[in-house]
Each structure stands twice: as structure tokens, then as C-alpha cells.
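>>> here is my input; please provide its structure:
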Amino acid sequence: MYRVNINELKSNFKKGHFFWGNTKEFASGTLAFIQGLQKEYGDGIVACKIAFKNFYFLLSTKSIVHVLQKNNKNYRRSFAYNGLRDFLGNGLLTNDSNTWVEQRRKIQPAFSKKELQKMSAIMWQGIHKTISEYNPNAAFNCTEQMNKITMRVVSDALFGATDLKGLEALNGALYVLRKHANDKLKNPLKAPLWVPNKANKRFNKAKSEIKEVLSNILSATDANNQDNLLYWLRNPAEGQPMPVAQLLDELTTLFIAGQETTAQSLCFTLYLLGRHPDALKKVKTELDGLAEFNEQGVHQLAYLSCVIKESMRLYPPAWAMSREVIEEDTIDGVTIPKGSVVFLSIYAMHRNPDTWEEPEAFKPERFAGSKKDPEGYLPFGLGPRMCVGNHFAVLEMKMILAQFLKKFEFELKNPEPIELITPMTMSPKEDIWLQLNYRSITSEVPQ
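Here you go, the predicted model:
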């Protein structure tokens, strides 16, 4: 039975099918469903029945901050992460056991400002090598190329410079894994993995391919090389070294999560700049005014930082989160029963008209001059579970965009409004295509 106190929730109970509840609406058009709730209920809390479970959609910044930060100990990963857990194992993203804190303490130092500073030259040179191979005389598949360049950067950072052939061959396997996670979330009747159907066979094959490639790279990487993140995972500042199985789970998590989300953010940012030539002109003026165009100079790109933030406000790759309530809680006067699922839409929060002026507009200037981001801006999450690689991701995006926009002019081949999909992360439904031309004013990137 669907346990909800309708007298308490009053109008904030979204009626649905007597058996399926709101499952089909949610699965067939997730973003449209959530935007419909926001339009109908504003900043309220809306109870729904999805996948035979009690869902509470939290639509206000205050409610979301309550769950992620103020009372975070009363919430754990929901069943929605089970599909991810099938291939990420017990990595930092999916672990909800008592060992999570120890994991975080082992991994966090690898992403410190000191370590990022050490990796920045390797990242910069790898980006330069990849961008130098771009051909302005051919149509440029932005979606495909941003996936490749972020794969290179993450690979260089995790393992040091390595042969990308094995990793690039995994694109098909990565698609299968992401589809599995999405299907498991939206289809409550999906067959368990022990059933030998075609989908499960494809999943198990894809999972084995990724584990094999990462295991081979792990074996081939110099254990004494301190210029990569792997060294610090093998030699944590606190606690004992990770068992090999756990190390592989963490590498899989960092590789998959870090690569895809950044690639999507880059695509969205270039799409937005292509539709807003005034903003693109400001970025180029800022780039041309740098005294030193290198891995250190990118830290001075204040306007580009605003562009990235605004892009991630409008199109946050990590667009939603969900949590299971451990013990009964009260949020904004509404009782949330134990075992219920709370759904947090970062996408909807980033477009809330009560928080943002002209929420649908691309206005990078809204972030200018502020040392602290608005409370309603959470592209990397909040609280103890905030993305461990957030500073790495922003630095990577700034480096890639700086070198790309310094070297090329571009036009969108498909400038029409994009249709969004939300399999594991938010992404455009169709690939984004560009037409590139060399800029007349460029500065050579140091070799």
C-alpha cells in the first residue's frame, strides 16, 4: 500500500494510475514531469507513487539543503543507485556502509590543491596534443570529441600518460552500463542480473571489458610514480592501502563519473557560447589579454569561470539525486515516513524563478564578483557527499575551453534548441556538431 497522509499533504499529492502510480509519466518524460510538478506546486513537497515506492519530490532549495547537509545523516543512497552499484561496485559514489568515511579520507587528499597543481602541467600538455589534432576542414562532432579529450585528461590524471586505445575502445561498453543503470531505475520489472537474457548478457560482457582494461592499466602503471592520482590511492595518507578489488571499484567510479559529466558540461558550454556571440566575444577578449597563456594563466580567467558556472546552472550533468529516509523526518511541516524516497532535482532548483532572475536566460554575469555561490546552485552536490573531484573538473573544463577557443572560431551546425535526455547524466539527445576555423590571432601553447 502507498502510505501517505493525504489530509496532511492536501493538494501536494500527485494522483496517478491505481496500480502504476506516476511511474509511466516519470519514466517517459522525467524532466517534463518534474517541471510540471514545479509549475503546479511551486516550492512545495509533492508525494507520488513511482516504481511501487513512496516518492517525495522536494522542490525548494531549503528542503534540498536540509536533506544533503543539515540532516544528511538521516538519509542514504536510494534504490536508484542499485543500477550504478552493479558496475561501480563499492566505490565512493555508491557506498553507503560504515566504510564510506574511511574511503573519503583516503581519496580526498588526491584532489587537494597541491596535487592538482602538480598534475596541471600534464593535463595542459595532454589537452594541447589532442586539440592540435583537430581538423577545421571537417565537420566536428563536439559530443564525440569532448568525450575523447576528457577521457585523455582523466586517464593522464589517474594513471599518468598512457595508451588510450584500450580506453577509447570502451565507449560501447560504457553506453551499455549507463543504459543498464537508467533502465533499472525506471523499470521496476526489469529482470535481475542472474536472469540470462540478452540485456543482462550485454551488461556482464561490458562490465568485464571495463574491469579487464582497467586491471591491465593498473598492472602496467609505475607504482612509484607520484604524478598521478593512482599513486595516492595506492598509498593513502590515512589508513591501510586498499585491496585490489576496492581499488578497481574506485578507479572505475572516478574514470566513468569524472569523464562523462565533464564531457557533457563542455558540450553544453560550447553550445551556449555558439548561441550567444556576445559572451563568446568576451571570453576570447579575456583569453587574448592573458599575460601567460599556460596552466597557471587559466586561473585568471574570471569571465570564463562565470560562463562555466552558468552553463552548469542551466544544464547540470548531475541533474538529480535521490535518498532513502532512515528514520521519519519532518521537512517544511510535512512528515516524511521512514523508508520513503526523497527526490532532489538540481535541474529544477537551478531554474527556480524564486531564486534566479530570468532563470531560463544565459547570463554568466550573474556569477561575477561573488566569492560564494548562491545557496540554490549545487552542480556538484552539497554536504559530506559533495563531489570529491569538483575542483579537478572545473580546472579541466577551463583548460580545455581556453585552448580550444584560443585556437578556433566555431559555428553551431545545429543551433536550434536542444532536446535533453537523462539516462545517467543529463545530455543532449542528439550530438552537437560544430564547424571549426582557425583564429587569426593565436598564441602557441608551450610544448
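>>> quick check: next helix or strand after the helix or strand bottoming out on mean pLDDT in the chain?
Counting by mean pLDDT, DSSP states H and E, the chain has its least confident helix or strand at helix 6-9, which shows a mean of 43. Sequence-wise, the next helix or strand downstream of helix 6-9 (DSSP states H and E) is helix 23-28.
>>> what helices and strands are in contact with that following helix?
Based on contacts counted as 3 or more C-beta pairs under 8 Å, 6 or more residues apart in numbering; DSSP states H and E, the elements that helix 23-28 packs against are strand 45-50, helix 171-186. Every residue, glycine included, has its C-beta placed from N, CA and C.
>>> mind putting the ones you listed into JSON lines with distance to Pro317 and mean neighbour count?
Formatted as JSON lines, those follow (distance: least, C-beta to C-beta, whole Å; neighbours: other C-beta atoms under 10 Å):
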{"stretch": "strand 45-50", "distance to Pro317": "22", "mean neighbour count": "24"}
{"stretch": "helix 171-186", "distance to Pro317": "12", "mean neighbour count": "19"}
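>>> just send the ones you listed back as CSV, with mean pLDDT and distance to His391 too.
Compiled in CSV, these are given as follows (pLDDT from 0 to 100; distance: least, C-beta to C-beta, whole Å):
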stretch, mean pLDDT, distance to His391
strand 45-50, 88, 33
helix 171-186, 83, 24
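>>> Throw those into TSV and include distance to Asn294, thanks.
Output for the helices and strands packed on helix 23-28, formatted as TSV (distance: least, C-beta to C-beta, whole Å):
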stretch	distance to Asn294
strand 45-50	49
helix 171-186	31
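>>> mind checking which of the ones you listed is nearest Trp194?
helix 171-186 (13.8 Å; C-beta to C-beta).
>>> by how many degrees do that closest one and strand 45-50 diverge?
110 degrees (axes from the mean of the first three to the mean of the last three C-alpha atoms, to 10 degrees).
>>> ok, then the element right after helix 171-186?
Once the chain leaves helix 171-186, the next helix or strand it forms, by DSSP H and E, is helix 198-220.
>>> for that following helix, buried residues please.
For helix 198-220, a neighbour-count test (16 or more other C-beta atoms under 10 Å) marks 200, 202-204, 206-207, 209-211, 213-214, 217-218 as buried.
>>> next helix or strand past that helix?
Counting by DSSP H and E, the element after helix 198-220 in chain order, helix or strand, is helix 229-234.
>>> what about that next one, average pLDDT?
When pLDDT is averaged over helix 229-234, the result is 84.
>>> name the helices or strands packed onto that helix?
helix 100-107, helix 113-131, helix 142-159, helix 244-275.
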